[in-house]
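Enquirer: what shape does this take:
(2 chains)
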Amino acid sequence: MPVLGAVLTLSDQVELRSAALAYLAGEPRIELGIAARGRQPIVLSTDSRAQDKALWRSLETLGGITHIELAFADFSDLQNEETPS
Amino acid sequence: MTIDTDRRTFLKIGAMAAATAAAAGTPSDADATGLDPELRKRMGAGVTWDKAPCRFCGTGCHVQVGVKNDKVVAIAGDKLADVNKGLLCVKGYHVGLALYGEDRLRQPMLRVNGELQPISWDKALDIIAERVELDPKGFAYYGSGQWTIPEGYAAQKFMKGGLTSNHIDPNARLCMASAVTGFLAAYGVDEPAGCYEDLDKADVVIMWGNNPAEMHPVLFSRIIDRRSRGQEVTLIDIGTRRTRTTAHCQHYLEFKPQSDLAIANGIAHLLLANGTWDKEFVDANCSFRTDSEPRGLFGDAMSFEDYKAAMAEYTPERVEQISGVPAKDIRMLGDLFGRKDIRITSLWCMGMNQHTEGTAINTLVHGIHLLSGHFGKPGDAPTSLTGQPSACGTAREVGTLAHLLPGGRLVAKEPHRKDAEEYWNLPAGRIDGKPGFHTLKMFEDWCTPKSKGGSIHTIWVQVTNPGQTMPNRNKLLEPGVKDPNKFMIVSEVYPTATTEIADLVLPSAMWVEKNGMFGNSERRTQQWFRMVKPPGDARDDCWQTIAVAKRLFDRGFAGMKDKDGKFLFHIEDDSGKAVPIWNWSNYYDVNVDKHLFEEYRLFSRLKHKDLAPYDEYVKARGMRWPVVETEPGVWRETKFRFSGFDDPYVAEGRAIDFYHSTTGDSRAQIWFRKYTDPPEMPDAEYPMWLCTGRVLEHWHSGTMTRRVPQLARAMPQGYVELNRDDAAELSVDNGEVVRLTTRRGTLDLPVWIDGRGAPPRGSVFVPFFDERLLINFLTLDAHDPFSKQPDYKKCAVKVSKLSKTTAGR
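Expert: Reported below is the predicted structural model:
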């Protein structure tokens, strides 16, 4: 399954940022790197598509994350993608 | 530790290295190819890497593409790329996966008794040749800003040089045609003067009906990144609905649809009333212009006094009355533009372009930058963005529009036609001097029976999806689909709303399955090589054009011969031997892109849009034109056009030089244009505004991105955004289905309240990515008088609650 290297821009609001970092730190499928200039590098690694979906959505909806960018994605394990219904 | 676990651990270390370096902004970590060395090491020697621009939006991000066993297996942001500096948005990340949807088209298909049946390429080429021979002037080509530069150039030469038909137009007509006419009317030449570096220098960035947080996220993050480094940047969102962009802005100015015209005039009024306009800049570089009677693209000259008098009525209070934006906010904008100690960049895209007064609002925004002197310095720029990867490079520069020749030249001008005939080695007079049909006219004519004067019998569609994106589809598509004498050929990569109605479907290669070149929003020309083979019998769009041309040549069609009797796309290898590039097996024996580009490059010098030799683009992450040779073998790009400190074509000693001025005196035009109501407004029967647009996860009609499961799951289907109070009044909640009705059609959609965007009361928003829920049966085909670009952003709609819960039409 995919291994992603991403950069998160965190909220200026201290409470939201702290909550987001707490969530990220407690999520075993996410590794936190060393933040620089308010930007948090992470690595996401999941075992299934269902997990990937849930994790992705959780990041998108997390109030303390204002922007998500990708630096790297490996999807060599994936077979051809299904057509969405 | 198993081999798999070991590999993943290895990869995760590489992924973290890449992300950490990108977060810290350390491009020097990249190796000579733009890839993080740690990443290269950890991906292993079996993976080969090369550069390519992303094939989605017009930002022009460069990606590093990892290939193993003829398959794209990894993507990384290219750290040597100025545009994206090693980072990608969610669509860029999935650009590799978009190649591998299970339902990729793999063989040509002909519709027989209503069903698409597989046929050979040989038969497909014969069918197209027969359609041309029926009446070459009734054969039209419809492409897009997704055509690579060589693809668009080949199509352009095939049509205008081969068929002597100017009926070629791109879907860029629906996307940024008003930006083109705006640039032409203001400066006499198309495309932005500035570049993305303006975003690094501006103190104030104003988004005019623009949502870059979702549509151009990498550019937007460039601004957000400055804030994270402690820089002060004021962001102002002037919009008709709250978006993700709004959340980052210090100011949100919500205006009534169409009243951006009044807001721009209100700023000009304040600059004049307060005496804060830049007299020195204007005296040296500008003239004033207003609409002629009848209206024309270049209008009539007006004096400064008349201009000032015309702007007098646009007081902040009057503008508030028209736009709904409080007078104090209009004053805030006027004060900002009046300051000389700050730099201001305006950004816009579809909001200003898909507008029945699109040319007018484009010229007005250029005008306030010129009037205030916020122009021509890094950070001071009026900049339009494009939605497609080569809307600038192919549609605008190659000129795949019905009235253009390559290099921004016009079919209507005899000297321009003569130059093209010379470069193409055609007999004198081959090119038709009458502009062809623009997109709406092309499809309207295709929908008109021959007995009623319809002349277009066949449209060949490449790299676009008009079945989903054409406005008012009941008028501009359905009659042609039902007429047995009309024929549609579609070159595509996946089944779409257009292949559903096509008579002949041709499977195409996409992105790194072929060589290519794009031109992005900042005049940057980019190049890449083929890295993997296309699936099945899919083939390059450019090859398809050349193969049809050769089939016509073999059948004796005179237009496919040059004046010496040679094939129009005659190409020789280094030894001078002709290469049969029309045979698919020989197509990659030579670099066809390079041959076509070097021929096209001749045109680029005619309007100071000079391009470098092909091989220079192989080495670079794109170069911004005009690119000039400063000494033998050294090519220099231009970041800031018309500015004496950077543009090689600015006359010696001038700080600013608009050297394509419509008045021939090096001056740009500051326009006055009055506010006018849009052609359709809410009334008692259709009481709300309907606006349509895009979403972050899906690129345009979703043909590719809906096949990426992660994206499809994140944004699975179309919806209608409804204001919470309007929803309460209708007694509907999230997920319930409502019926939208306009004068042109109906569509049932699930409701989303307080979702991605938040429209104000009396207004709804519907994305157009979902081909199962086609909003363009409802939209308006009224268009700008100059650009012919339709208005997808505002029409009147009625919303009613339904008892059933199934969305659809």
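
Enquirer: drop to CA atoms for contacts and neighbour counts, all remaining ones
Expert: OK.

Enquirer: list the helices and strands the helix or strand where B:Ala796 lies packs on?
Expert: Using DSSP states H and E, B:Ala796 falls within strand B:795-801. Contacts defined by 3 or more CA pairs under 8 Å, 6 or more residues apart in numbering or on different chains; DSSP states H and E place strand B:795-801 against strand B:688-693, strand B:737-742.

Enquirer: who does that strand pair up with?
Expert: Sheet pairing of strand B:795-801 (DSSP bridges) gives strand B:688-693 (antiparallel), strand B:737-742 (antiparallel).

Enquirer: now the element after the last one, going C-ward?
Expert: Scanning forward in sequence from strand B:737-742, with DSSP H and E defining helices and strands, the next element found is strand B:745-753.

Enquirer: now check that next one, is it near chain A?
Expert: No. Judged by CA under 8 Å from any CA of the partner chain, strand B:745-753 stays clear of chain A, getting no closer than 15.4 Å.

Enquirer: quick one: mean pLDDT for the helix or strand containing B:Trp49?
Expert: Under the criterion of DSSP H and E, B:Trp49 resides in strand B:48-53. Mean pLDDT, strand B:48-53: 95.

Enquirer: what does stretch B:694-709 give?
Expert: Stretch B:694-709 comes out at a mean pLDDT of 59.

Enquirer: cool, and stretch B:678-687?
Expert: When pLDDT is averaged along stretch B:678-687, the result is 97.

Enquirer: please, which helix or strand holds residue 41?
Expert: With no chain named, the answer covers chain A. Per DSSP H and E: A:Pro41 is located in strand A:39-45.

Enquirer: let me rephrase: I mean chain B.
Expert: Here B:Lys41, judged by DSSP H and E, is contained in helix B:37-43.

Enquirer: packing partners for that helix?
Expert: Using 3+ CA pairs under 8 Å, 6+ apart, helix B:37-43 sits against helix B:3-24.

Enquirer: could you check the angle strand A:39-45 makes with the helix it packs on?
Expert: Orientation check (axes from the mean of the first three to the mean of the last three CA atoms, to 10 degrees): helix B:3-24 against strand A:39-45 gives 170 degrees.

Enquirer: what helices or strands is helix B:3-24 leaning on?
Expert: For helix B:3-24, the packing partners by 3+ CA pairs under 8 Å, 6+ apart are strand A:3-10, strand A:39-45, strand A:65-74, helix B:37-43.

Enquirer: mind putting these in TSV, mean pLDDT included?
Expert: Shown next, in TSV, are the helices and strands packed on helix B:3-24 (pLDDT from 0 to 100):
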stretch	mean pLDDT
strand A:3-10	89
strand A:39-45	92
strand A:65-74	87
helix B:37-43	82
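
Enquirer: now those as TSV including mean neighbour count and distance to B:Asp754?
Expert: Listed next are the helices and strands packed on helix B:3-24 as TSV, based on neighbours: other CA atoms under 10 Å in any protein chain shown; distance: least, CA to CA, whole Å:
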stretch	mean neighbour count	distance to B:Asp754
strand A:3-10	26	22
strand A:39-45	25	27
strand A:65-74	26	17
helix B:37-43	18	40
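
Enquirer: dump the ones you listed into TSV; add distance to B:Asp126 as well.
Expert: Below are these laid out as TSV (distance: least, CA to CA, whole Å):
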stretch	distance to B:Asp126
strand A:3-10	47
strand A:39-45	51
strand A:65-74	43
helix B:37-43	46
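
Enquirer: out of the ones you listed, the one nearest B:Val797 is which?
Expert: For B:Val797, the closest of those is strand A:65-74, at 33.2 Å, according to CA to CA.

Enquirer: so is that closest one next to chain B?
Expert: Yes. Contact of strand A:65-74 with chain B (CA under 8 Å from any CA) involves A:His67, A:Ile68, A:Glu69, A:Leu70, A:Ala71, A:Phe72, A:Ala73, A:Asp74.

Enquirer: that'll do, ta.
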